[in-house]
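# Show me the folded form of this:
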Amino acid sequence: MASGTPFFALDIGQSSIKLVQIDRKGSNSARLKAIGSINFPNDLETVIPSKEEPEKLELMVSTLKTLIQSSGVKLKQVVTSMPESTIFTKLLPNLPLVDQAKLEEMIYWEAKQVLPIPLEEAQVDWIEIERKKNSDGTNAVSAMVIAAPRSMVEGYLELCHRAELELVALEVESVAIARAFSFTYQGNQPLTMMIDFGADTTNACVVYNGKVIFSQSIRNGSAMFTKAISTDFGIQPSQAEQYKTAYGVLPNQADGGKIYNSIKPVLDVVVNELHKINGFVETRLQYGKPQQILLTGNGSMMPGLAQYIQTALGVNTSIFDPMANLKLTGGLSNIKNEVVPAGYTVAIGLGLKQE
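This is a model prediction of the structure:
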């Protein structure tokens, strides 16, 4: 992406598309210019359709065009993200610090050993995390390898082509989340776990100095909480969603804790995975224990969720506000009262992209 190229950002999620346009000035200032979202039609699967699914592809294109028009965005250049569950990431620590060409060759061969798909079928990139000097005096670098199936990348390119857009960058959700965090916590960035509660999955990433050092997608998402309530009480999903939104995992409620008891087993599957991630980052990667946990995504607003995770993991937990440092002016001055800011974390992280 050429420096200074105006663009807007799309977060194509599991149940909706979110859009933002941000005017960023330098590293410390940014203004929200446009924002919007649209739900997917009920008969549209959220995986990016391929050319072999023309009807689904056209339905997604028309949905996307409706969102862009309603948001008032006039640009054609777009940055979007791939779902965390569809990509592969791995931290390669303590690589010898050599010249750029040799380092890229080294990362290539390291990636070849660990990728779950053949290298020729993947689009591979890497991000430098940190440089350090070892105890023996040698210089080393840590890098995060990111790989996505080429077929998926081609799907995004085709979608943008059909929608008459120019795809200038395609990122991983965790990288966008880390950027939103870094912009919000300027000059004060403790080791942090970010947990994004989506509809079908919960994505966790650990951020160190504004960079992702670990990410993992966990199958259970907020829709599974709704399904558990619907199954346990024999009610429609729409009614179960209302109960989840009203009672969540607050045990001392007027319902006698029934909704809490229904959600808890599903949520504990997620919590157990988060325990493992914390242990891996602390002992295997040797970055220590995360000093805070920040929740993102619409699912993060379930009553009692932050307190439940804080108690279970023993780490201070709160809901992340990606709009905290954005300038909100004009017709968007009160936008935080109209939307769930945490639900726009990925979109805002994409919109803040500079490089």
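# For the rest of this, base every contact and every neighbour count on C-alpha atoms.
OK.
# Contacts only, for the residue minimising distance to the centre of the chain.
By C-alpha atoms, centre = their mean, the chain has its centre lying nearest to Glu173, at 3.5 Å. Glu173 sits next to Ser81, Met82, Pro83, Glu84, Val346 when contact means C-alpha atoms under 8 Å, 6 or more residues apart in numbering.
# and what of Ile177?
Counted by C-alpha under 8 Å, 6+ apart, Ile177 has contacts Met194, Thr345, Val346, Gly349.
# What about the residues you listed, which are in strands?
Within the contacts of Ile177, residues falling in strands by DSSP state E are Met194.
# can you pick the most crowded of the contacts of Ile177?
Val346 (33 neighbours; other C-alpha atoms under 10 Å).
# related to what we said a few turns ago, pLDDT score for the residue nearest to the centre of the chain?
Looking at Glu173, its pLDDT is 93.
# who wins for neighbours among the contacts of Glu173?
Going by other C-alpha under 10 Å, Val346 tops the contacts of Glu173 with 33 neighbours.
# Quickly note the distance from that residue to Thr89.
Taking C-alpha to C-alpha, to the nearest Å as the measure, Val346 falls 17 Å from Thr89.
# any idea which element His275 lies in?
Take DSSP states H and E as the rule and His275 turns out to sit in helix 258-279.
# pLDDT on that helix, on average?
95.
# returning to what we had before: of the contacts of Glu173, closest to Leu97?
Glu84 (28.9 Å; C-alpha to C-alpha).
# quick one: the closest one and Ser174 touch, right?
Yes: if you go by C-alpha atoms under 8 Å, Glu84 and Ser174 touch, sitting 7.0 Å apart.
# Ala178 should be in a helix, yeah?
Yes: residue state for Ala178 (DSSP: H, G, I helix; E, B strand; the rest coil) corresponds to a helix.
# From Glu241, how far out is the residue nearest to the centre of the chain?
For Glu173, the distance to Glu241 - C-alpha to C-alpha - is 25 Å.
# And for Glu166?
37 Å.
# In terms of neighbours, single out the busier of those two.
Glu241 (18 against 15).
# Now name the helix or strand holding that one.
helix 237-247.
# Packing partners of that helix?
helix 222-233, helix 258-279 (3 or more C-alpha pairs under 8 Å, 6 or more residues apart in numbering; DSSP states H and E).
# What segments of the stretch 51-200 of the chain are strands?
Taking DSSP state E, counting those that start in this stretch as the test, the strands found in the stretch 51-200 of the chain are 77-82, 88-96, 122-133, 139-149, 166-172, 192-197.
# most packed of those?
strand 192-197 (a mean of 26; mean count of other C-alpha atoms under 10 Å).
# which residues are contacting that strand?
Counting by C-alpha under 8 Å, 6+ apart, 177, 202-208, 221-222, 290-300 sit against strand 192-197.
# Tell me how far stretch 246-254 lies from the chain's centre.
Relative to the centre of its chain, stretch 246-254 is centred 27 Å away, using C-alpha atoms, centre = their mean, to the nearest Å.
# Check which residues of that stretch are buried.
Tyr247, Gly248, Val249, Leu250, Pro251 (16 or more other C-alpha atoms under 10 Å).
# Thanks again, I'm all set now.
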